[in-house]
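Engineer: Provided below for reference: sequence and predicted model.
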Amino acid sequence: MTSLHSLLGPLAFLACIGWACGEPAPYLRTTDDKGGGRILQVAARTLVSTKKDGPSVTLLGVSHLGDATYYEKIQKKLDTADLVLFEGVGFGDKAKKKDQDDSNAVSELQLSLARSMGLVFQLEAIRYDRAHFRNSDISSEALLARLQGDPARSPGKDGRTGKNDANGKSEKSNLQSRELMKALSGNSFVFNFLGKALSFFGKDPKFRALMKLAIVETLGAIEGDVTRLAESSGPGMEKFMRVLLEDRNAIVFRDLRKVLKGKNPPKSIVVFYGAAHMPDLENRLVRKLGFRPDGDEWLAAFGVNPKKAGLSAFEVGLVRKMIRMQIQKITKQQK
């Protein structure tokens, strides 16, 4: 299974400001434990129908990297549901083995990243061979077509073609998207190099701790809203994130609505997707189908205790300062 979007997995979460303002509450948070550690938690939020004895839908956000115990808890939740709609770009593709081999670079990098931090990669931890699991995602071919679209056919500001965009932003966006897809190819030197580097440095316990701390603190600083990072990276990355989130959410919501509108729908449905997708999916369920939130369960994906890992107060402070400076820089660029 190829999951291109999860290259950004460790950062791929959205967070909002709560139902008081009409938007979903966050699906990600960072907390302190009693021992002085920092923990990354992801929500499993259940929504219920207004109909008496109607079905429930649990939006089970997931971190693509985590502790083994985290995925064990997730597996139990998935196995007890009546139906699971899960993500997986190209999961249903009937590609030749050569093509499959050429598309493994992203997964290999994620494996290296997980192991460099002493964690587990989602695709090697979760068992998908269940009769009630159903893939609900875009095909690899469709994803590539959307990201590598012909600039002449890409809509510009006038709603027609990219060539009519006076600033040429559509052409530039497509060019950046094509370059990004080259980086995601199985022959990418960059991916191979990063994988080997992570394997080497991951043997150092302090390196592992610093990596975990940096991810947890970054997600806390941006409140899980990875789109803030994407926007600062140019129109190509914005387009990439838009396809990964909005286009794929449209697919899973279509499948979910079809199930809910059918005769005798399952009593318990789980949508198992990256946490970045969940605020938008919750909005669709509430505003279009009349569901309402009925409780959260927070699962600890992973954490780090700086003191136990041998990190000094100076090192911890330096990591936090660098992250704050980068976030402030990004925020200023967007104003």
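Structural biologist: Alright, I've got the coordinates. Residues are numbered from 1 along each chain as shown.
Engineer: report all helices and strands that the host helix or strand of Gly317 contacts.
Structural biologist: Using DSSP states H and E, Gly317 falls within helix 313-334. In this structure, helix 313-334 makes packing contacts with helix 205-221, helix 227-231, judged by 3 or more CB pairs under 8 Å, 6 or more residues apart in numbering; DSSP states H and E. Where you see a C-beta, it was placed from the backbone N, CA and C, and this is true even at glycine.
Engineer: let me know which of the ones you listed is tucked in deepest.
Structural biologist: helix 205-221 (a mean of 20; mean count of other CB atoms under 10 Å).
Engineer: CA atoms only for that one, dumped as CSV, please.
Structural biologist: The C-alpha coordinates for helix 205-221 follow below in CSV (Å, rounded to 0.1, in the frame of the first residue of the first chain):
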residue,chain,number,x,y,z
PRO,A,205,19.4,7.9,22.5
LYS,A,206,19.8,11.7,22.7
PHE,A,207,19.1,12.0,19.0
ARG,A,208,15.9,10.0,19.4
ALA,A,209,14.8,12.2,22.3
LEU,A,210,15.6,15.4,20.4
MET,A,211,13.6,14.2,17.4
LYS,A,212,10.6,13.4,19.5
LEU,A,213,10.8,16.6,21.4
ALA,A,214,11.0,18.6,18.2
ILE,A,215,7.9,17.0,16.7
VAL,A,216,5.8,17.3,19.9
GLU,A,217,6.8,20.9,20.4
THR,A,218,6.3,21.9,16.8
LEU,A,219,2.8,20.4,16.8
GLY,A,220,2.0,22.2,20.1
ALA,A,221,3.3,25.5,18.7
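Engineer: any idea of the mean pLDDT for that helix?
Structural biologist: Taken as a whole, helix 205-221 has an average pLDDT of 81.
Engineer: would you mark the buried spots in stretch 128-138?
Structural biologist: Neighbour counts over stretch 128-138 (16 or more other CB atoms under 10 Å) mark Phe133, Asn135, Ser136, Asp137, Ile138 as buried.
Engineer: for the last one, what are its contacts?
Structural biologist: By that I understand Ile138. Val89, Gly90, Asp247, Arg248, Ile251 (CB atoms under 8 Å, 6 or more residues apart in numbering).
Engineer: looking at this structure, which helix or strand does the model trust least?
Structural biologist: Ranked by mean pLDDT, DSSP states H and E, the weakest helix or strand in the chain is helix 97-102, scoring a mean of 42.
Engineer: can you map out the strands along the stretch 151-300 of the chain?
Structural biologist: Secondary structure of the stretch 151-300 of the chain, counting by DSSP state E, counting those that start in this stretch: strands at 268-274, 292-304.
Engineer: okay if I get those strands as a markdown table plus mean pLDDT, mean neighbour count and distance to Leu85?
Structural biologist: Formatted as a markdown table, the strands of the stretch 151-300 of the chain follow (pLDDT from 0 to 100; neighbours: other CB atoms under 10 Å; distance: least, CB to CB, whole Å):
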| stretch | mean pLDDT | mean neighbour count | distance to Leu85 |
| --- | --- | --- | --- |
| strand 268-274 | 95 | 24 | 5 |
| strand 292-304 | 94 | 18 | 18 |
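Engineer: confidence score at the residue lying closest to Val316 once chain neighbours are set aside?
Structural biologist: Nearest residue to Val316 in three dimensions, chain neighbours excluded: Pro306, at 4.9 Å (CB to CB, 6 or more residues apart in numbering). At Pro306, the model reports a pLDDT of 89.
Engineer: do the same with Gly234
Structural biologist: In this model, Gly234 is scored at 60, pLDDT.
Engineer: same question, the one 10 residues further on
Structural biologist: Model confidence at Leu244, given as pLDDT, is 76.
Engineer: list the buried residues in stretch 63-72.
Structural biologist: For stretch 63-72, by 16+ other CB under 10 Å, it's Ser63, His64, Leu65, Gly66, Asp67, Tyr70, Tyr71.
Engineer: now those as JSON lines including secondary structure, distance to Val271 and pLDDT?
Structural biologist: Converted to JSON lines, the buried residues of stretch 63-72 look like this (DSSP: H, G, I helix; E, B strand; the rest coil; distance: CB to CB, whole Å; pLDDT from 0 to 100):
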{"residue": "Ser63", "secondary structure": "coil", "distance to Val271": "16", "pLDDT": "88"}
{"residue": "His64", "secondary structure": "coil", "distance to Val271": "16", "pLDDT": "85"}
{"residue": "Leu65", "secondary structure": "strand", "distance to Val271": "20", "pLDDT": "87"}
{"residue": "Gly66", "secondary structure": "strand", "distance to Val271": "18", "pLDDT": "91"}
{"residue": "Asp67", "secondary structure": "coil", "distance to Val271": "22", "pLDDT": "94"}
{"residue": "Tyr70", "secondary structure": "helix", "distance to Val271": "18", "pLDDT": "97"}
{"residue": "Tyr71", "secondary structure": "helix", "distance to Val271": "17", "pLDDT": "96"}
